[in-house]
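[1] Let's see this in three dimensions:
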Amino acid sequence: QVQLQESGPGLVKPSQTLSLTCAVSGGSIATSMYAWTWIRQPPGKGLEWMGAIAYDGSTYYSPSLKSRTSISRNTSKNQFSLHMNSVTPEDTAVYYCARDQVVLTTFYDYWGQGTQVTVSS
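    From the prediction side, this is the model:
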């Protein structure tokens with residue numbers, strides 16, 4: 001059974017960098033052909049795909065977030081991370097990590113429970 005767990009600060013000040021980590025257990029993040037994805041849901045809005053890092057380390061980003069987002073991984077710890085700079089209150093959302101069965105297919109079979117991030121001074 002694969003499990004994902006997000007962690008990171010729940011409150012970030014505007015203009016600062018948001019950093020979240022997703023710890024994965026029950027399966028390796030380097031296993032072909034999975035992609036490890038960040039998705040968020042602002043209050044009252046739908047899910048927004050942010051980006052992903054594939055089993056081989058390739059990264060993919062939403063065009064609207066690409067300029068201020070990066071996704072990295074630590075295979076020795078079996079975890080991957082999201083970094084988003086220059087945050088604004090519009091980045092307030094529940095942030096989820098999820099496993100995509102094949103890169104960019106949106107066939108998510110495992111999700112983290114989600115973590116609330118609020119951007120506020």
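[2] Hmm, H83 and T17 touching each other?
    Yes: taking contacts as C-beta atoms under 8 Å, T17 lies within contact range of H83: 6.0 Å. Bear in mind the C-beta positions are built from the backbone N, C-alpha and C, glycine included.
[3] if I pick S25, what's in contact with it?
    S25 is in contact with 2-3, 5, 78, counting by C-beta atoms under 8 Å, 6 or more residues apart in numbering.
[4] Please read the previous query as pertaining to V87.
    12, 14-18, 119.
[5] Give me the pLDDT for the closest residue to T115 other than its chain neighbours.
    With C-beta to C-beta, 6 or more residues apart in numbering as the criterion, T115 has its nearest non-adjacent residue at 4.2 Å, and that residue is E6. You'll see E6 listed with a pLDDT of 97.
[6] ok, E6 touching G114?
    Yes: with contacts counted by C-beta under 8 Å, E6 reaches G114, the gap being 6.6 Å.
[7] anything in contact with each of the two?
    With C-beta under 8 Å, 6+ apart as the test, E6 and G114 both reach 95-96.
[8] higher neighbour count, those two?
    A count of neighbours by other C-beta atoms under 10 Å puts E6 above the other of E6 and G114, at 21 against 16.
[9] wait, what's in contact with the more buried one?
    E6 neighbours (C-beta under 8 Å, 6+ apart): 20-22, 95-97, 112-115.
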